[in-house]
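J.: Compute the structure for the input listed below.
(chains A and B)
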Amino acid sequence: MYRYTAFDRQFVHTRAAQFRDQLGRHLAGDLPDDDFRALRLQNGWYVQRHAPMLRVAVPYGELSSRQLHQLARIAREHDLQEAGTPAERGGFGHFTTRQNLQFNWIPLPQAADVMDLLADVDMHGIQTSGNCIRNITTDALAGIAADEHIDPRPYCEILRQWSTLHPEFAFLPRKFKIAVSGALEDRAATAWHDIGLNLRHGEDGAVGFQVRVGGGMGRTPVIGTVIGEFVPWQQILVFIEAVVRVYNLHGRRDNLYKARIKILVKAEGQRFTDAVNAEFAALLNDDALGAAQLIPQAEYDRVAASFTSPVDRALAESEAVESNLPQAFKRWLERNVHAHKLPGYRAVTLSLKRAGLPPGDVTADQMDGAATLAERYSQGELRVTHEQNLLLPWVAQKDLHALWLDAREGGFATPNIGLLTDMIACPGGDLCALANARSIPIAAAINERFDDLDMLHDIGDIDLHISGCINSCGHHHSGHIGILGVDKDGKEWYQVSVAGSDGSTLSGEAVPGKVIGPSFAADEVPDVLEAVIDTYRRERRAGERFIDTARRLGTPPFRVATDAVRGTTAASAARGAAVALPV
Amino acid sequence: MKFIDSHHDLWHRVSGEDGPKPDPDPQRDRLLTIEQWHAVRGYWPVGLNTGLALPNTADVVLLAADLPKLALIVLDFPKWTDGRAYSQARLLRSRLGYRGELRASGEVLVDMLPLLQRTGFDAARLRADQGEAAARRALGIFAGHYQADTLAPLPLFARQSA
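T.: Predicted coordinates:
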């Protein structure tokens, strides 16, 4: 993991002090809501349905056990309120698709104290919200993946530092998200980001980035366009600066829904690429600050030194899994344990998708539990995955059985990684002020319906993504099955799509899913999902996964099957969906 | 950073009855609009103390040849969360070598001061309800930053190895 320098440490403490001053002025009535909003957002503080929400940055998903213990302490001591149902009393966190952690119940007057607690463990909420460059995300298996050609983490950290409190880019037209991948398999959904970076080797072995720009979800799902096939790593800050400057000056600010860079890239086409290239050339050749941003080898080496392997040598691989081990353990090995580049080691996912808790949620005790597992089995290191689970990156193969027993004890061993119940879901209308519909009860109902592990394993690999509104925090566009909450006449409805892809090998080229028909009522969703799954199981060819069947068949058979299970919406659907139901 | 008191500002806009006069006479201490400037730039003498107020949509690179004639450029923040003028300022200073006064006007809040200073502004006219003392305090919070900026022309990694 990156080791903070004295400068880095002082910087986050100063940021916390600056926020304390701003909060104090706000609470004293000297900084009105309208002016305080952008300041608190750039420190991760939203005002949500019930209370403020804090989004804590977990840079590129790397977390130490010490940090996770501190997050548990924050959950226990600050994420609390007196009234409400047990789920409304707080004491838990929620991991997001962008590898961050959110708290939902911290009272605003305690906000500055929490920022100090975060700074004490080299953490912060800088730029986790607001119209600025957000936390940079990457592959949860960065540095350990068997299929990785270049470790993205040193570059992520250099980008983090460059983007942190960048004076020119704090007030962009809209939020700006960067994802980086360095492996064969894209586990960071790079094509769906404002900038997607893919590390690669040039012909002479030099390291550079393929640069995509203008991917995004929301109302207008767009796959990023490649505007640089190979930008040498030394120049990447300069190139990104060129992209963001063109966006800052020319992105739309008249319409919130057209303000993302994807709209500019689409509207301008080649002119956008030309403008970036011209700005890039001007920065390199004709600018007092441009060339200063070229990354020297010494800086790469300094940062990369933080990311050396915490284990110094490979261990012996044992070939056979003993046949007398329980079936449940074998299933866990199959689903939750992943290949590692170092012989004798494995990466292990701690599933945060289990009955009774919303996807990605962890209580304070569970945070401590996961941190303890990391100390015992993974060199004190964890990762947050894009799919809202935790991952232990340094588990010795010989420890797997012991870890499995402990993980079961802690409630982390559901062997469902990559399966239907390993769904991505946003917090939805229960907590989020933007949401049109709730996500958590939908996720819970699906969990309950598909609680048979044999069946889940028979259904096989599938990405189910649920968003409570078109902002798409639950990535419904990229789900093999996507569920989107929509609002009509003050009621919650759910639109279902199939055959979306995040761009991974399994899922195929990144593409938004296709809507199968008019929206469904909340109580129909489990039946609808079962109908979709049954259609797949009936129609699949030998060995065919859901995504391939869905792509081959298109939406018609799914529409027929799901219309057949309509209850409350049956009459409306028959009368003509466009009139009666939101599409 | 110079804080501008609008009651004691030496610069004067050139207005007629129907708004800005289309082609003002060359005189010192005039603050011209971009339209006025386009009308007079061909014959406007060098050395006259001249200011130009730009909207945040103006392409400052097109002004490169005019900069020696300008002693003041005023950049606008129509809303404080509209960050285009930061890019304009940074380009004027670091790309185009502008050395005159660079002033922020419009919705200028005290918490913007560090960003203004780091992108090349050296003067600010605060929004009426903002206090100068708080603005000065905001400038002193951070001891240093990661990026190169107009104040510190080398990024942290280059400063450390120097």
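
J.: measure the residue lying closest to A:Leu350 once chain neighbours are set aside to A:Val311 for me?
T.: Among residues not flanking A:Leu350 along the chain, A:Phe412 sits closest, at 3.8 Å (Cβ to Cβ, 6 or more residues apart in numbering or on different chains). C-beta: built from backbone N, CA, C; applies to glycine. Taking Cβ to Cβ, to the nearest Å as the measure, A:Phe412 falls 22 Å from A:Val311.

J.: same check, this time on A:Thr555
T.: Counting by Cβ to Cβ, the gap from A:Thr555 to A:Val311 is 48 Å.

J.: Compare these two and say which is more crowded by neighbours.
T.: Using other Cβ atoms under 10 Å in any protein chain shown as the criterion, A:Thr555 and A:Val311 rank with A:Thr555 on top: 18 against 13.

J.: In chain B, mark out all the helices, start to finish.
T.: For chain B, the helices defined by DSSP state H cover B:34-40, B:84-90, B:113-118, B:132-139, B:156-161.

J.: most tightly surrounded among the ones you listed?
T.: Using mean count of other Cβ atoms under 10 Å in any protein chain shown, the stretch among the helices of chain B with the largest mean neighbour count is helix B:84-90, at a mean of 26.

J.: Just give the nearest non-adjacent residue to the residue of chain B found nearest chain A, would you?
T.: Chain A sits closest to B:Gly83 of chain B, with a gap of 3.0 Å, by Cβ to the nearest Cβ. Residue nearest to B:Gly83 in three dimensions, not counting chain neighbours: A:Phe171, with 3.0 Å by Cβ to Cβ, 6+ apart.

J.: ditto for A:Leu392
T.: Excluding its sequence neighbours, the residue lying closest to A:Leu392 (Cβ to Cβ, 6+ apart) is A:Ser378, at 3.8 Å.

J.: tell me the strands in chain B, going along the chain?
T.: In chain B, the strands defined using DSSP state E lie at B:2-3, B:12-13, B:15-16, B:19-20, B:30-33, B:50-54, B:72-77, B:101-106, B:123-124.

J.: between those strands, which gets nearest to A:Val243?
T.: Proximity to A:Val243 (Cβ to Cβ) singles out strand B:72-77 among the strands of chain B, at 22.3 Å.

J.: who does that closest one touch, helix- and strand-wise?
T.: strand B:50-54, helix B:84-90, strand B:101-106 (3 or more Cβ pairs under 8 Å, 6 or more residues apart in numbering or on different chains; DSSP states H and E).

J.: Quick check: neighbours of it in the sheet, parallel or antiparallel?
T.: strand B:50-54 (parallel), strand B:101-106 (parallel) (DSSP bridges).

J.: Helix, strand or coil: sort out A:Leu283 for me.
T.: What DSSP: H, G, I helix; E, B strand; the rest coil gives for A:Leu283 is helix.

J.: Are we agreed that the residue nearest to A:Leu350 is in a helix?
T.: No. Under three-state DSSP, A:Phe412 sits outside any helix and is assigned coil.

J.: Would you mind confirming that A:Leu199 is in contact with A:Val207?
T.: Yes. With contact defined as Cβ atoms under 8 Å, A:Leu199 counts as touching A:Val207 (6.5 Å).

J.: neighbour-wise, which of these two wins?
T.: Shown here are A:Leu199 and A:Val207; by other Cβ under 10 Å, A:Leu199 has more neighbours (21 against 18).

J.: tell me the contacts of that one?
T.: Each residue near A:Leu199 by Cβ atoms under 8 Å, 6 or more residues apart in numbering or on different chains is listed here: A:His149, A:Ile150, A:Pro152, A:Tyr155, A:Val180, A:Ser181, A:Gly182, A:Val207, A:Gly208, A:Phe209, A:Trp233.

J.: Can you flag which of these belong to helices?
T.: Using DSSP H, the contacts of A:Leu199 in helices are A:Tyr155.

J.: ok, so of the contacts of A:Leu199, who is nearest A:Asn336?
T.: Each of those was scored against A:Asn336 by Cβ to Cβ, and A:Ser181 proved nearest at 21.8 Å.

J.: ok, the closest one - how many residues close by?
T.: Neighbours of A:Ser181 under the rule other Cβ under 10 Å: 28.

J.: Adding mean neighbour count, write the strands paired with strand B:72-77 out as JSON lines.
T.: Formatted as JSON lines, the strands paired with strand B:72-77 follow (neighbours: other Cβ atoms under 10 Å in any protein chain shown):
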{"stretch": "strand B:50-54", "mean neighbour count": "22"}
{"stretch": "strand B:101-106", "mean neighbour count": "21"}
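
J.: could those strands go into CSV alongside mean pLDDT?
T.: As requested, those are exported to CSV (pLDDT from 0 to 100):
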stretch, mean pLDDT
strand B:50-54, 97
strand B:101-106, 98
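
J.: In this structure the residue nearest to A:Leu392 contacts A:Trp394, no?
T.: Yes. With contact defined as Cβ under 8 Å, A:Ser378 counts as touching A:Trp394 (4.6 Å).

J.: And the contacts of stretch A:26-45?
T.: With Cβ under 8 Å, 6+ apart as the criterion, stretch A:26-45 contacts A:15, A:19, A:22-23, A:25, A:46, A:52-57, A:108-109, A:111, A:115, A:124-132, A:170-171, B:80-81, B:109, B:111.

J.: ah, wrong one, I meant stretch A:502-516
T.: So stretch A:502-516 is contacted by A:184-187, A:189-192, A:215, A:217, A:221, A:223, A:461, A:463, A:475-482, A:495-501, A:532, A:545, A:547, A:551, A:554-555, A:558-559, A:562, A:583 (Cβ under 8 Å, 6+ apart).

J.: just stretch A:277-289 next, same as before
T.: Contacts for stretch A:277-289 (Cβ under 8 Å, 6+ apart): A:235, A:238-239, A:241-242, A:245-246, A:290-291, A:293, B:90, B:93-95, B:97, B:148-150, B:153.

J.: Please check the residues you listed and keep the buried ones.
T.: Neighbour counting over those (16 or more other Cβ atoms under 10 Å in any protein chain shown) leaves A:235, A:238-239, A:241-242, A:245-246, A:290, A:293, B:90, B:93-95, B:148-150 as the buried ones.

J.: top helix in chain A by residue count?
T.: Using DSSP H, we find that the single longest helix of chain A is helix A:6-27.

J.: What residues of it count as buried?
T.: A:8, A:11-19, A:21-23, A:25-26.

J.: and if you look at stretch B:71-81?
T.: Quick answer for stretch B:71-81 (16+ other Cβ under 10 Å): B:Ala71, B:Leu72, B:Ile73, B:Val74, B:Leu75, B:Asp76, B:Phe77, B:Trp80, B:Thr81.

J.: how about A:Thr562, what does it touch?
T.: Neighbour list for A:Thr562: A:Val496, A:Ile516, A:Gly517, A:Phe520, A:Val528, A:Ala531, A:Val532 [criterion: Cβ under 8 Å, 6+ apart].

J.: so where's chain B shaky on pLDDT?
T.: For chain B, applying pLDDT under 70 flags the ranges B:161-162.

J.: Show me what from it comes close to chain A.
T.: Taking Cβ under 8 Å from any Cβ of the partner chain as the criterion, the neighbours of chain A within chain B are B:80-84, B:86-88, B:90, B:93-95, B:97, B:109, B:111, B:114-115, B:118-119, B:134, B:137, B:141-150, B:153-158, B:161.

J.: can you pull out the helices in the stretch 151-300 of chain A?
T.: For the stretch 151-300 of chain A, the helices defined by DSSP state H, counting those that start in this stretch cover A:153-163, A:236-250, A:261-268, A:270-285, A:297-304.

J.: now swap in the stretch 301-450 of chain A and tell me
T.: Counting by DSSP H, counting those that start in this stretch, the helices of the stretch 301-450 of chain A are A:327-336, A:364-377, A:400-410, A:440-449.

J.: Could you list every helix and strand that the second one packs against?
T.: With contacts defined as 3+ Cβ pairs under 8 Å, 6+ apart, the packing partners of helix A:364-377 are helix A:65-77, strand A:345-350, strand A:381-384, strand A:390-396, helix A:400-410.

J.: possible to save the ones you listed as CSV with mean neighbour count and mean pLDDT?
T.: Output for these, formatted as CSV (neighbours: other Cβ atoms under 10 Å in any protein chain shown; pLDDT from 0 to 100):
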stretch, mean neighbour count, mean pLDDT
helix A:65-77, 21, 97
strand A:345-350, 25, 98
strand A:381-384, 26, 98
strand A:390-396, 24, 98
helix A:400-410, 17, 97
